[in-house]
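Enquirer: Take a look and give me a structure for this.
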Amino acid sequence: MYKKSIHISFFVLILMSALINEASYGQSRVTIIQAETAESGVFEGENIRKITGNVVLQTEDMVMRTDSVFQFLNRSLLMAFNAQIETENDVLWADTLYYDSGQEYSRLRGRVIIQSDKNTVFSESMDVDHISEQTFFNVPVRFEDEGGTLVAQSGLYYQALDSAIFRGNVQLADSTQYLEADSLFMNRSEELYELFGRVFAEDFEDNVMFAGNYLYADSTGYRLLEENAWLMEISESEADTTHLLANKIELREMEGQSSMDAHGMVRIWTPKFTAIADTVNYREDPDQFTLRSSPILWQNRMQLTGPFIEAVLEDDNIRFLESYPQPIIVMEDSVTARLHQMTGDTLQAYFNDGILDRIKVFDNTQSIFHNVDENDEPDGLIEMISIGPLEMYFTDGEIDSLVALRNIDGSYLPESPQNIDRQLDNFQWNPESRPLKPPTQSPRNPEVPFERPFDLPPRYLQYIESVE
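Expert: Numbers count the residues shown, from 1 in each chain. Below is the predicted model of the structure:
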């Protein structure tokens with residue numbers, strides 16, 4: 001059960017500062033390297049200086065290649081059409097660039113592409129506030145790096161805090177994982193990520209899926225999944241599937257050790273056992289989990305109820321159970337459907353390949369064991385009390401013998417209607433509470449498209465070809 005380390009990595013999204021700080025256009029000397037014409041004119045009723053014809057402009061920080069540039073003479077506005085801007089670390093393309101040096105604000109429209117050595121960004125609209133160092137994507141945006149892709153309906157990057165917010169059908173996909181949510185907050189330098197609303201994720205390497213309404217992840221290996229939290233793991237052989245549901249699931253990954261804690265209406269379903277509790281604590285080494293606060297565990301026709309239940313696993317099967325104080329174990333007879341019962345101060349159960357082999361109850365033990373005759377018909381019951389231990393042995397999962405030692409007080413009750421439903425004082429039998437296999441959740445969004453969101457501009461294609 002959850003033996004593997006569960007990795008939730010995210011893409012590193014970088015918008016380089018040299019690109020964001022394009023306020024340098026208005027502060028550096030601009031040199032016209034190439035142009036066919038430079039003349040005065042009027043555009044939309046305003047006086048402009050128009051530079052056209054394969055224009056190349058240069059400052060200390062960048063080179064701009066564009067079809068034409070309009071400089072508005074009565075205000076601090078520059079417009080460039082079909083532009084390519086190269087800086088030391090990045091290259092930018094846009095159908096139209098508006099740069100207001102007075103407000104220190106840029107607007108890029110049309111087919112906007114930003115390429116750095118780490119990733120490439122595609123959007124049809126990008127605004128840059130150079131004073132606050134914020135970049136706004138108010139239409140769908142797509143990030144690509146060498147490993148995968150992030151898409152969202154809108155986004156905001158805040159350079160001073162090295163943080164970003166993406167909203168609307170956020171999707172992240174690479175060869176190892178897929179994640180989606182309504183929104184994503186990330187701080188790249190702190191390696192902190194938060195996903196909000198309809199979160200779904202799948203780890204292809206570890207065969208793990210999880211979902212909820214909130215996911216937190218940081219650089220320490222800590223993960224928090226809240227609100228309708230669901231986690232599903234498929235075993236290495238792909239023969240078994242484990243489901244965990246809770247109000248909150250916490251995962252911690254440390255060197256050589258992984259742990260998981262689940263809180264609030266916890267439900268566990270596997271093909272081999274099921275359980276409910278308010279709290280579950282799991283540790284990878286040894287492979288064991290603890291159920292706390294009114295837990296119940298079911299295995300085949302057995303139900304164990306106690307304030308505290310500890311289980312040790314082996315190959316996804318239960319190998320050992322321990323419960324105290326005053327637990328009770330109830331087993332439904334496979335032939336008569338009557339309920340065998342055992343209780344005491346402490347209970348231990350031993351399994352062989354997932355099949356119940358032996359139960360031992362320590363101190364102040366009580367038991368009810370229903371008999372059958374040679375025709376497997378009900379034949380009364382044995383009720384026993386012992387100060388010392390009580391052991392029940394099984395063959396192929398069926399009760400074989402019962403042994404009690406020290407100060408035994410027992411009686412045989414013959415078959416009669418009034419004895420059929422006889423119960424111990426702390427009797428509990430709750431088959432209606434046993435978890436059913438939950439449905440496997442799946443992404444709500446279609447796969448991240450391989451295609452870019454628009455036809456790539458000729459300048460971009462020419463640049464890529466020249467680099468290659």
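
Enquirer: What mean pLDDT does stretch 209-226 get?
Expert: Mean per-residue pLDDT for stretch 209-226: 93.

Enquirer: Please apply the same query to stretch 374-382.
Expert: 87.

Enquirer: can you tell me the distance between the two ends of that stretch?
Expert: Chord length of stretch 374-382, first to last residue, is 17 Å (CA to CA, to the nearest Å).

Enquirer: Same question for stretch 120-140.
Expert: From the first residue to the last, stretch 120-140 extends over 14 Å; the measure is CA to CA.

Enquirer: List the buried residues of it.
Expert: 120-130, 133-137, 140 (16 or more other CB atoms under 10 Å). The C-beta positions use only the backbone N, C-alpha and C, and glycine is treated the same way.

Enquirer: So residue 437, which state does it fall into?
Expert: Reducing the assignment to helix, strand or coil with DSSP: H, G, I helix; E, B strand; the rest coil, the entry for residue 437 is coil.

Enquirer: Just give the number of residues close to the nearest residue to it once chain neighbours are set aside.
Expert: The shortest distance from residue 437 to any non-neighbouring residue, by CB to CB, 6 or more residues apart in numbering, is to residue 269 (5.3 Å). By the other CB atoms under 10 Å criterion, the neighbourhood of residue 269 contains 21 residues.

Enquirer: For residue 145, see how far away the residue nearest to residue 408 when sequence neighbours are not counted is.
Expert: Once flanking residues are discounted, residue 408 sits nearest to residue 386: 4.9 Å by CB to CB, 6+ apart. Between residue 386 and residue 145 the distance, using CB to CB, to the nearest Å, works out to 68 Å.

Enquirer: Which one's more surrounded, these two?
Expert: The residue with more neighbours, out of residue 386 and residue 145 and counting by other CB under 10 Å, is residue 386; that gives 21 against 16.

Enquirer: Shouldn't residue 432 be within a strand?
Expert: No. Judged by three-state DSSP, residue 432 forms no part of a strand; its state is helix.

Enquirer: Look up how far residue 368 lies from it.
Expert: 22 Å.

Enquirer: between these two, which one's more packed in?
Expert: When residue 432 is set against residue 368 and neighbours are counted by other CB under 10 Å, the residue ahead is residue 368, at 21 against 5.

Enquirer: Give me the buried positions along the host helix or strand of that one.
Expert: Under the criterion of DSSP states H and E, residue 368 resides in strand 365-372. Buried positions in strand 365-372, judged by neighbour count with 16+ other CB under 10 Å: 365-371.

Enquirer: so what does that strand touch, helix or strand wise?
Expert: Helices and strands in packing contact with strand 365-372 are listed as strand 339-343, strand 378-386, strand 390-395, strand 398-404; criterion 3 or more CB pairs under 8 Å, 6 or more residues apart in numbering; DSSP states H and E.

Enquirer: Pick out the shakiest of those, pLDDT-wise.
Expert: Across the helices and strands packed on strand 365-372, the lowest-scoring stretch is strand 398-404, with a mean of 82.

Enquirer: So which bits of that one are buried?
Expert: 399, 402, 404.

Enquirer: Could you do stretch 89-103 as well?
Expert: For stretch 89-103, the buried set under the neighbour-count rule, 16+ other CB under 10 Å, comprises 90-101.

Enquirer: now the residues you listed in JSON lines, with pLDDT, distance to residue 417 and secondary structure?
Expert: Below are the buried residues of stretch 89-103 laid out as JSON lines (pLDDT from 0 to 100; distance: CB to CB, whole Å; DSSP: H, G, I helix; E, B strand; the rest coil):
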{"residue": "90", "pLDDT": "86", "distance to residue 417": "86", "secondary structure": "strand"}
{"residue": "91", "pLDDT": "91", "distance to residue 417": "88", "secondary structure": "strand"}
{"residue": "92", "pLDDT": "92", "distance to residue 417": "87", "secondary structure": "strand"}
{"residue": "93", "pLDDT": "95", "distance to residue 417": "87", "secondary structure": "strand"}
{"residue": "94", "pLDDT": "96", "distance to residue 417": "87", "secondary structure": "strand"}
{"residue": "95", "pLDDT": "96", "distance to residue 417": "88", "secondary structure": "strand"}
{"residue": "96", "pLDDT": "96", "distance to residue 417": "90", "secondary structure": "strand"}
{"residue": "97", "pLDDT": "93", "distance to residue 417": "91", "secondary structure": "strand"}
{"residue": "98", "pLDDT": "93", "distance to residue 417": "91", "secondary structure": "strand"}
{"residue": "99", "pLDDT": "88", "distance to residue 417": "93", "secondary structure": "strand"}
{"residue": "100", "pLDDT": "89", "distance to residue 417": "93", "secondary structure": "strand"}
{"residue": "101", "pLDDT": "83", "distance to residue 417": "97", "secondary structure": "coil"}
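
Enquirer: Great, nothing more from me.
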